[in-house]
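A.B. asks: here is a sequence with its predicted model. Questions after.
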Amino acid sequence: MGVVVQKYGGSSVADAEGIKRVAQRIVDAKKAGNQVVVVVSAMGDTTDELIDLAEQVSPLPPGREMDMLLTAGERISMALLAMAVGNLGHEARSFTGSQAGVITDAAHGKAKIIDVTPGRIRTALDEGAIAIVAGFQGVSQTSKDITTLGRGGSDTTAVALAAALRADVCEIYSDVDGVFTADPRIVPAARKRDRISYDEMLEMAACGAKILHLRCVEYARRYDMPIHVRSSFSLKDGTWITDQRDGDTMEQAIIAGVAHDRSEAKITVVGVPDKVGEAARIFEALADAQINIDMIVQNVSAADTNLTDISFTLPHADGQAAMSALTRIQETVGFASLQYDDQIGKVSLIGAGMRSHPGVTAKFFTSLAEAGINISMISTSEIRISVVVDEAQVDDAVAATHHAFDLDADDVEAVVYGGTGR
């Protein structure tokens, strides 16, 4: 018997009918001869509702208590799902993250998995039961407190359990049929990919694609765990994310897709003295403030002033903290001023095939120019080209790029069954 780990998002278990539908799918996998482990998210918008409730009670709730509160959502859905499976004549046992052996560090709200010791899960499977695990949560190795894993935590839980149990596959169920070449809300003609490499999916996740979280894909690549992204609302085959080795018969598409991200802001440090160590001081101040930087552009120093400008992007939520950190070092570094712009968006073209196909960059920039879209920043990797554009032009940029690279499907394939895309 093979081990299959299935993860169901909040939209899949949003109500009683959804829970019953998921339970039937789980039982079908069991009847097919598999040992089944299920990771489940909180129902619908439960997590957001709990956050709103906490903010009404306390303007700055302690991290420990916030984690204790938020993990209640997954405990509700796991227990209800176990009941629904039981009604179908199969034994199901529900487990919290700590009971499932998900060991984390002590960072409340954004804990990282240190180890997974799924002894109780293995026992349940050996005794013929279906194991249902609360996603998004674990227990601190040091403090023994309940922790949450942050955004995409249930996906990460599923892949981590799959790796620890040496599962055959980790199936991630959401309300879309797989990974598409663009967000179907922007490009209705987006095409579903049958297969994508870990590297391509990592770039897509990092560039704003919401279907899988970055940490989940990183974990899968590290442990060579195949992920099958599919919809809980249909029986269609989804998208396989695997290691793309030489000699594979996998689809060799030049472009995997076009991703976009509206969650970033841009800061420009104006008039930085062009001498050794000044850039280091700027980014050390940001690092000390625990701020992650994405794209960086430094202009050529002006000959008459020997001053330069440095621009970078960062999460919108960290914008004010970054401005404060930089203001504190302004006199020390000697730069003239700071400029802040939160009306930007990032559009990224991703594909392992571009490594061996010249002209991709030219076609990308030409398509944007023909659509009247101005580029303010550019960043590249071996399989990605990202540009920063005005936020109001993001949709047009995605659509123009998608069309320029012949990614449009002949028939509409993309259906968002539950309305969220997760």
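C.D. replies: Perfect, thanks for sending it. Computed from a predicted structure; not experimentally measured. Numbers count the residues shown, from 1 in each chain.
A.B. asks: low-confidence ranges in the stretch 301-422 of the chain?
C.D. replies: 412-422 (pLDDT under 70).
A.B. asks: which stretches of it form helices?
C.D. replies: Assigned by DSSP state H, counting those that start in this stretch, the helices in the stretch 301-422 of the chain fall at 319-328, 330-333, 360-370, 394-404.
A.B. asks: so which other helices or strands are in contact with the longest helix seen in the chain?
C.D. replies: Criterion DSSP state H: the longest helix present in the chain is helix 63-87. Where contact means 3 or more C-beta pairs under 8 Å, 6 or more residues apart in numbering; DSSP states H and E, helix 63-87 is packed against helix 16-31, strand 35-40, helix 46-57, strand 92-95, strand 130-134, strand 137-140, strand 146-148. Quick note: C-beta positions are derived from backbone N, CA and C, even for glycine.
A.B. asks: in TSV: these, plus mean pLDDT, mean neighbour count and distance to residue 105.
C.D. replies: Formatted as TSV, these follow (pLDDT from 0 to 100; neighbours: other C-beta atoms under 10 Å; distance: least, C-beta to C-beta, whole Å):
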stretch	mean pLDDT	mean neighbour count	distance to residue 105
helix 16-31	96	18	31
strand 35-40	98	30	20
helix 46-57	94	14	21
strand 92-95	98	23	21
strand 130-134	98	28	19
strand 137-140	97	25	7
strand 146-148	97	27	8
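A.B. asks: out of these, which gets nearest to residue 227?
C.D. replies: strand 35-40 (12.6 Å; C-beta to C-beta).
A.B. asks: tell me what the closest one is packed against?
C.D. replies: strand 3-8, helix 16-31, helix 63-87, helix 119-126, strand 130-134, helix 153-164.
A.B. asks: take the ones you listed and write them to CSV, including distance to residue 225.
C.D. replies: Shown next, in CSV, are the helices and strands packed on strand 35-40 (distance: least, C-beta to C-beta, whole Å):
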stretch, distance to residue 225
strand 3-8, 9
helix 16-31, 17
helix 63-87, 21
helix 119-126, 16
strand 130-134, 16
helix 153-164, 5
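A.B. asks: state the mean pLDDT of the longest helix of the chain.
C.D. replies: The predicted model assigns helix 63-87 a mean pLDDT of 97.
A.B. asks: return the set of buried residues in that helix.
C.D. replies: 63-64, 66-71, 73-75, 77-78, 80-82, 84-85 (16 or more other C-beta atoms under 10 Å).
A.B. asks: quick one on the thing from earlier: return the most buried member of the helices of the stretch 301-422 of the chain.
C.D. replies: Compared across the helices of the stretch 301-422 of the chain, helix 394-404 shows the largest average neighbour count, a mean of 21 (mean count of other C-beta atoms under 10 Å).
A.B. asks: other SSEs contacting it?
C.D. replies: Short answer (3+ C-beta pairs under 8 Å, 6+ apart): helix 394-404 packs on strand 257-261, strand 344-350, helix 360-370.
A.B. asks: what's it in contact with?
C.D. replies: 181-183, 186-187, 189-190, 258, 260, 262, 345, 347, 349, 363-364, 366-368, 370-373, 387, 389, 408 (C-beta atoms under 8 Å, 6 or more residues apart in numbering).
A.B. asks: who's in contact with residue 61?
C.D. replies: Residue 61 neighbours (C-beta under 8 Å, 6+ apart): 54-55, 69.
A.B. asks: phi and psi next, for residue 45.
C.D. replies: As for residue 45, its main-chain torsions (degrees, to the nearest 10) stand at phi -100, psi 20.
A.B. asks: offset the numbering so it begins at 36, please.
C.D. replies: Shifting the count to begin at 36 puts that one at residue 80.
A.B. asks: can you report phi and psi for the residue of the chain most remote from its centre?
C.D. replies: Residue farthest from the centre of the chain, counting by C-alpha atoms, centre = their mean, is residue 339 at 45.3 Å. When read as degrees, to the nearest 10, the backbone of residue 339 gives phi -80, psi -30.
A.B. asks: I'd like to know how far it sits from residue 309.
C.D. replies: Distance of residue 339 to residue 309, computed by C-beta to C-beta, to the nearest Å: 12 Å.
A.B. asks: again with residue 77
C.D. replies: Residue 77 sits 51 Å away from residue 309, going by C-beta to C-beta.
A.B. asks: who's more crowded, these two?
C.D. replies: For the pair residue 77 and residue 309, the greater number of neighbours falls to residue 77 (27 against 16), based on other C-beta atoms under 10 Å.
A.B. asks: what about that one, which helix or strand?
C.D. replies: Assigned by DSSP states H and E, residue 77 belongs to no helix or strand.
A.B. asks: between the helices and strands packed on strand 70-75, which one is nearest to residue 372?
C.D. replies: Nearest of the helices and strands packed on strand 70-75 (C-beta to C-beta): helix 98-122, 35.2 Å.
A.B. asks: tell me what angle the closest one forms with strand 165-169.
C.D. replies: Interaxial angle of helix 98-122 relative to strand 165-169 (axes from the mean of the first three to the mean of the last three C-alpha atoms, to 10 degrees): 160 degrees.
A.B. asks: and the pLDDT at the closest residue to residue 248 other than its chain neighbours?
C.D. replies: Nearest residue to residue 248, sequence neighbours excluded (C-beta to C-beta, 6 or more residues apart in numbering): residue 187, at 2.3 Å. Per-residue pLDDT puts residue 187 at 82.
A.B. asks: just give me the neighbour total for residue 187.
C.D. replies: Residues near residue 187, counting by other C-beta under 10 Å, number 19.
A.B. asks: can you read off the pLDDT for residue 281?
C.D. replies: 41.
A.B. asks: cool, residue 245 as well?
C.D. replies: 83.
A.B. asks: state the distance from it to residue 334.
C.D. replies: From residue 245 to residue 334 the distance is 33 Å (C-beta to C-beta).
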